[in-house]
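> mind folding the following:
(one chain, ligands or ions: 1)
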Amino acid sequence: MPTGNASSTGKNKLETAGQGWRSRYAASLLPVFAPPPLLITRGQGCYVWDDSGNRYLDMQGGIAVNALGHAHPAIVAAIADQAATLIHDSNLLATEPQIALAEKLIQMTGGDEDTRVFFANSGTEANEAAFKLARKNSGDEGKRTRILALTHSFHGRTMGALAMTAKAALRTPFDPMPAGVDFIEPTPAALHAAIDDTVAALIVEPVQGEGGVLPLPDGFLALARELTAEHGALLIVDEVQTGMGRTGDWFGYQSAGIVPDAITLAKGLAGGVPIGAMVTFGRASTLLARGDHGSTFGGNALATRVAATVVDVIEQEGLLQNVREQSAALTRELPAALADLFGGIRGRGLMLGVALSRPVASELVAAGLLHGLILNATDPSTLRLVPPLVFGDAERSDFIAALSAARSELIE
Ligand SMILES: Cc1ncc(COP(=O)(O)O)c(C=O)c1O
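Residues are numbered from 1 along each chain as shown. Have a look, this model is predicted:
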């Protein structure tokens with residue numbers, strides 16, 4: 001039991017040992033994450049600094065969150081201004097930033113007068129809203145009770161989103177799950193076999209992020225649109241990781257030339273300030289009625305103001321084009337940087353999965369830290385690159401040099 005404040009001498013001793021924060025972390029935070037390797041004290045652009053003043057290039061960008069990098073002046077100014085004006089009021093009252101962001105999202109999705117937005121605070125919450133939307137699509141006789149999700153999917157950690165997440169190890173400790181979710185392979189044959197008039201919704205990620213940066217097979221989204229429409233099921237596209245410019249389009253579904261019934265957003269939407277959203281199209285916008293769903297914090301003035309700023313900066317700085325250019329350049333340069341370790345590349349825009357020829361991803365991540373690089377691995381043979389969308393030529397050249405140095409530390 002703590003007896004009071006640590007004396008300044010005691011605290012200094014811990015800091016001198018360089019382990020102070022590690023033991024404090026272990027003694028105070030629930031151990032659901034692996035022990036973190038670094039204590040990050042500040043960030044600027046695509047770089048962060050640790051408590052010893054070491055600089056790192058942040059190739060995981062808060063796991064596809066820090067769209068404008070760290071401490072972008074436009075975000076700093078928007079937060080300061082909005083905080084001094086209005087951070088939050090209840091959803092029983094309207095605020096201008098909330099309406100303005102909803103209007104922007106409708107415009108970005110190419111929506112029409114039947115498009116609507118619900119605001120939440122995270123990706124999992126956006127998907128909970130989508131789960132409830134699917135339940136409300138039960139049909140006149142209530143026969144639509146099934147939700148189809150894909151193998152390798154990840155939709156979040158709360159119970160509804162978790163029920164649609166493929167990895168059994170994440171789900172089974174928390175059984176029983178909400179009922180009715182079936183998992184299918186993302187193939188035309190599996191979709192044809194599974195879909196019928198008992199399906200309320202199909203949920204897909206255009207590129208599966210946590211599953212290992214796995215793009216949907218060509219033509220799958222178009223077929224999914226066709227078959228869900230035919231059977232009265234909703235097509236829900238989880239754009240939590242792929243949305244907000246990450247793939248080089250505003251949203252990952254757009255390159256397939258389809259209009260889904262709903263999309264979910266979070267991560268990059270407000271560049272690091274917590275927010276989630278569900279955008280509904282057409283008939284789907286009529287399914288949830290007054291009282292069916294809600295949120296205390298969702299759509300608060302601060303988060304929505306920052307999100308609108310992120311959208312403006314992505315437009316003003318031409319970041320969608322930057323994403324495409326940097327993606328192409330990385331794809332050209334990665335094979336040489338990884339040499340014999342290179343096993344292929346997949347994904348879109350600045351959401352790239354680099355396959356390694358040997359299962360040494362965690363060793364490479366550790367070696368990256370020694371060379372000022374924060375890397376992310378989704379499995380022992382896959383690096384996931386999701387840097388800020390402001391990642392430019394200078395950062396790319398730092399990255400390639402550091403990655404190549406990190407790779408040469410790994411001896412077969
Ligand atoms: C596709 C997708 N959906 C949902 C989530 C859950 O988002 P959050 O962690 O904000 O709840 C994630 C998080 O990684 C994700 O990648």
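
> residue boundaries of the helices in the protein?
Remark: helices assigned in the chain by DSSP state H are 8-17, 20-28, 61-64, 73-85, 96-108, 123-136, 159-163, 168-171, 188-194, 220-231, 301-316, 319-338, 361-370, 393-409.

> for the residue in the chain that the ligand sits nearest to, grab the count of nearby residues.
Closest residue of the chain to the ligand, CB to the nearest ligand atom: Gly123 (2.2 Å). C-beta here means a position set from N, CA and C on the backbone, and glycine is covered the same way. If you count neighbours by other CB atoms under 10 Å, Gly123 ends up with 29.

> and if you look at Arg55?
13.

> what residues does the stretch 101-250 of the chain have near the ligand?
Selection of the stretch 101-250 of the chain residues close to the ligand by CB under 6 Å from any ligand atom yields 122-124, 127, 154-156, 205, 209-210, 238, 240-241.

> model confidence for the residue nearest to Ser404 when sequence neighbours are not counted, exactly?
Leaving aside its chain neighbours, Ser404 sits nearest to Ala337 (4.5 Å; criterion: CB to CB, 6 or more residues apart in numbering). On the pLDDT scale, Ala337 is placed at 98.

> now do Ser8
pLDDT at Ser8 comes out at 38.

> same check, this time on Asp140
With respect to pLDDT, Asp140 scores 87.

> run a quick neighbour tally on it.
Neighbours of Asp140 under the rule other CB under 10 Å: 6.

> can you check Val354 too?
As a burial measure, Val354 scores 28 neighbours (other CB under 10 Å).

> do the one 4 residues further on as well
Per other CB under 10 Å, the neighbour tally for Arg358 reads 14.

> pretty sure it sits against Leu338.
No. Assessed by CB atoms under 8 Å, Arg358 is found out of contact with Leu338, at 10.7 Å.

> out of the helices of the chain, indicate the one that is most buried.
Most buried of the helices of the chain by mean neighbour count (mean count of other CB atoms under 10 Å) is helix 123-136; its value is a mean of 26.

> so where's the stretch 101-250 of the chain shaky on pLDDT?
For the stretch 101-250 of the chain, no stretch is flagged by pLDDT under 70.

> try it again at 90.
140 (pLDDT under 90).

> neighbour-wise, which one of the residues of the stretch 101-250 of the chain next to the ligand leads?
Highest neighbour count within those, by other CB under 10 Å: Asp238, with 33 neighbours.

> what's near enough to touch that residue?
Neighbouring residues of Asp238 by CB atoms under 8 Å, 6 or more residues apart in numbering: Gly123, Asn127, Ala130, Ser153, His155, Ile203, Val204, Glu205, Ile263, Thr264.

> burial of the nearest residue to the third one once chain neighbours are set aside, as a residue count?
Pointing back at Ala130 there. Counting by CB to CB, 6+ apart, Ile236 is the residue found nearest to Ala130 once chain neighbours are left out, at 4.8 Å. Neighbour count for Ile236, taken as other CB under 10 Å: 32.

> quick check: Ile236 vs Thr228, distance?
Distance, Ile236 to Thr228, using CB to CB, to the nearest Å: 9 Å.

> list the residues that are in contact with both of the two.
Ala201, Leu202, Asp261.

> does the first one really touch Ile236, like I thought?
Yes. Contact between Ala201 and Ile236 holds when scored by CB under 8 Å: they sit 5.3 Å apart.

> what's the overlap in contacts for these two?
With CB under 8 Å, 6+ apart, Ala201 and Ile236 have common neighbours Ala130, Leu133, Ala134, Asp261.

> which one is the third one nearest to, not counting chain neighbours?
If I follow you right, that is Ala134. Using CB to CB, 6+ apart, the nearest residue to Ala134 is Ala201, at 3.6 Å.

> hey, what's that neighbour bridged with?
Beta-bridge partners for Ala201, by DSSP bridges, are Ile147, Leu234.

> tell me who's in contact with it.
Ala130, Leu133, Ala134, Asn137, Ile147, Leu148, Thr228, Ala233, Leu234, Leu235, Ile236, Asp261.

> next one: stretch 165-184 to chain centre, how far?
Put simply, stretch 165-184 sits 20 Å off its chain's centre (CA atoms, centre = their mean, to the nearest Å).

> what do you get for stretch 75-94?
In this view, stretch 75-94 has its centroid 24 Å away from the chain centroid, taken as CA atoms, centre = their mean.

> what do you get for stretch 104-121?
Between the centre of stretch 104-121 and the centre of its chain there are 18 Å (CA atoms, centre = their mean).
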